[in-house]
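>>> Predicted structure and sequence below. I'll ask about it afterward.
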Amino acid sequence: QVQLQESGPSLVTSSQTLSLTCTVSGGSITTNYYYWNWIRQPPGKGLEWMGDIAYSGSTYYTPSLKSRTSISRDTSKNQFTLQLNSVTPEDTAVYYCAVYSGGDYGMDYWGKGTLVTVST
């Protein structure tokens with residue numbers, strides 16, 4: 001069973017860069033046809049898919065965040081990373097990493113999530 005764990009600072013100052021890492025165990029981030037995702041949920045709002053990095057290393061971003069988002073990976077550590085630039089308090093959310101393997105029922109496994117608060 002794949003396990004994912006988010007890590008990173010819980011407090012970020014406005015205009016700075018939010019950086020989170022997802023450490024994966026029980027599976028390789030280079031496994032064919034697996035897609036490694038970042039998803040967030042602001043307080044009182046729904047889930048928002050931010051983007052993913054594919055098994056091949058290709059990346060995909062949601063259009064509304066594309067100019068500020070970068071997802072990368074370190075295959076030697078079996079980790080992938082989210083960077084969100086120029087944050088504002090509206091970026092305050094619980095951030096999740098998750099993996100999708102192409103099934104019909106959404107993400108296969110999720111991390112527990114980590115709350116990141118952006119201060120003014």
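That came through fine. Please read all numbers here as calculations on a predicted model, not as lab measurements.
>>> alpha carbons only for contacts and neighbour counts from here, please
Noted.
>>> Contact partners for the residue nearest in space to the middle of the chain?
Residue closest to the average C-alpha location in the chain (C-alpha atoms, centre = their mean): W38, at 2.4 Å. By C-alpha atoms under 8 Å, 6 or more residues apart in numbering, the residues touching W38 are W49, M50, G51, D52, L82, Y95, Y96, C97, A98.
>>> Strands along this structure, start to end?
Under the criterion DSSP state E, strands of the chain are mapped to 3-7, 11-13, 18-25, 35-41, 48-54, 59-61, 69-74, 79-84, 93-100, 109-110, 114-119.
>>> Output the contacting helices and strands for the second one.
This means strand 11-13. Packed against strand 11-13, as judged by 3 or more C-alpha pairs under 8 Å, 6 or more residues apart in numbering; DSSP states H and E, are the following elements: strand 114-119.
>>> Now the buried members of the contacts of W38.
W49, M50, G51, D52, L82, Y95, Y96, C97, A98 (16 or more other C-alpha atoms under 10 Å).
>>> if I read this right, Q79 contacts C22, doesn't it?
Yes - shown here, Q79 and C22 form a contact pair, counting by C-alpha atoms under 8 Å, at 5.5 Å.
>>> So for the two, which sits in the more crowded spot?
Under the criterion of other C-alpha atoms under 10 Å, the comparison of Q79 against C22 puts C22 first, with 25 against 20.
>>> Show the contacting residues for that one.
Applying C-alpha under 8 Å, 6+ apart, the residues near C22 are L4, Q5, E6, S7, Q79, F80, T81, C97.
>>> what pLDDT does the closest residue to it other than its chain neighbours get?
Excluding its sequence neighbours, the residue lying closest to C22 (C-alpha to C-alpha, 6 or more residues apart in numbering) is E6, at 4.5 Å. Per-residue confidence at E6 stands at 98 (pLDDT).
>>> what's near enough to touch E6?
Neighbouring residues of E6 by C-alpha under 8 Å, 6+ apart: L20, T21, C22, T23, Y95, Y96, C97, G111, K112, G113, T114.
>>> returning to that earlier point: can I get the contacts of C22 in CSV with distance to K45?
Formatted as CSV, the contacts of C22 follow (distance: C-alpha to C-alpha, whole Å):
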residue, distance to K45
L4, 23
Q5, 22
E6, 20
S7, 22
Q79, 28
F80, 25
T81, 23
C97, 18
